[in-house]
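> Would you be able to build a 3D model of this:
(one chain, ligands or ions: 1)
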Amino acid sequence: MALELDARQRAMLEEMHVRVWWPQAPAVVPAEPPAAVAAPVAPPPAVARPAPVVAAAMPVAAVPLSATVPADDGRAAAIAAMDWSALQLSVAGCEACKLCGTRKNTVFGVGPVAPGADAPPRVDWLIVGEAPGEQEDLRGEPFVGQAGKLLDNMLRAVGVSRHGEVRGAQAAFIVNVLKCRPPGNRNPALDEVAQCEPFLKRQIALLQPRLILAVGRFAVQSLLAGSVPDVQTQPLGRLRGKVYRYEGVPVVVSYHPAYLLRSLPEKAKAWADLCLAMETLRSP
Ligand code: URA
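Residues are numbered from 1 along each chain as shown. From the prediction side, this is the model:
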């Protein structure tokens, strides 16, 4: 299916240095196994330009999250029974790992305003990132730094907004695997991921997004550890281009925006990932 973009979306992509094109002939088949739900649009060529460098780095070494120590069963069960407001309070007061000693704020997530205090907002997309950085820790909101600006621009290009209400945009809720900042923006530790996992799981259960976009290795491994046996050893690039499932919700894998800021060629691939996400949402 051809992707329809209006002038505003095209301008947005130009700003991101992503040149958009799609073949008139059937889409190019990727080197990886075919998509389970929809074939990805062939990635457009990237324009080489220097990108700003940001503190948050795309981790390189693989960390087997399957080795994660499970969170205490009683705690996980209690979180699994929480409503939206109880969940927010629980995150805000969490002391389950050492990050509570260094954080300034917890970062629950951000999205459109919910209809009621106890009700989660209605969203189409859930974006799952890694962990709050310095800005996010200060503001208590995910993706507010340079990587967040890029993420917002990319989402806006496909008519998606964390505020939802803007000109009929589809609504996105944005969260991280970790709700607290690891000091110095180091990688999340296994026990930190394990303690935070019940929060992410409950957020997804309550939000019931139509699609999850997992950006970066930690999000991908957290969400797919239970369903993709070799997810810890696969480079992220090899996991792209397919549609997975988390608790029945389609999951599309993409690069972390902080990594994209440093690696222009991958921006074009991230655009293809967004196209796959849109195709997935459109498919019956
Ligand atoms: N990187 C992330 O993964 N999440 C944020 O909120 C900010 C930067």
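
> which parts of this structure sit against the ligand?
Residues of the chain lying close to the ligand (CB under 6 Å from any ligand atom) are 56, 129-133, 136, 142-143, 147, 176, 258. For the C-beta atoms, the positions are set from N, CA and C on the backbone; glycine is no exception.

> how about the helices of the stretch 151-284 of the chain, start to end?
190-207, 217-224, 236-239, 257-262, 264-282 (DSSP state H, counting those that start in this stretch).

> which helices and strands does the last one pack with?
Looking back up the chat, that one is helix 264-282. Under the contact criterion of 3 or more CB pairs under 8 Å, 6 or more residues apart in numbering; DSSP states H and E, helix 264-282 touches helix 146-157, strand 211-215, strand 249-254, helix 257-262.

> coming back round to it: point out the most buried one among the helices of the stretch 151-284 of the chain.
Highest mean neighbour count among those (mean count of other CB atoms under 10 Å): helix 217-224, with a mean of 26.

> orientation of that one relative to strand 249-254 in degrees?
160 degrees (axes from the mean of the first three to the mean of the last three CA atoms, to 10 degrees).

> got the CA coordinates for helix 217-224 in PDB?
Extracted in PDB, the C-alpha atoms of helix 217-224 (Å, rounded to 0.1, in the frame of the first residue of the first chain):
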ATOM      1  CA  ARG A 217      17.800  -2.600  22.500                       C
ATOM      2  CA  PHE A 218      16.500  -2.400  26.100                       C
ATOM      3  CA  ALA A 219      12.900  -1.800  25.100                       C
ATOM      4  CA  VAL A 220      13.100  -4.600  22.500                       C
ATOM      5  CA  GLN A 221      14.600  -7.100  24.800                       C
ATOM      6  CA  SER A 222      12.200  -6.300  27.600                       C
ATOM      7  CA  LEU A 223       9.200  -6.700  25.400                       C
ATOM      8  CA  LEU A 224      10.300  -9.600  23.400                       C
END
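
> I'd like to check what contacts that helix. Which residues are they?
Residues outside helix 217-224 that contact it (CB atoms under 8 Å, 6 or more residues apart in numbering) are 58-59, 62-63, 65, 128-131, 176-177, 187-188, 193, 197, 200, 212, 214, 231-232, 236, 239, 244, 246, 251, 253, 256.
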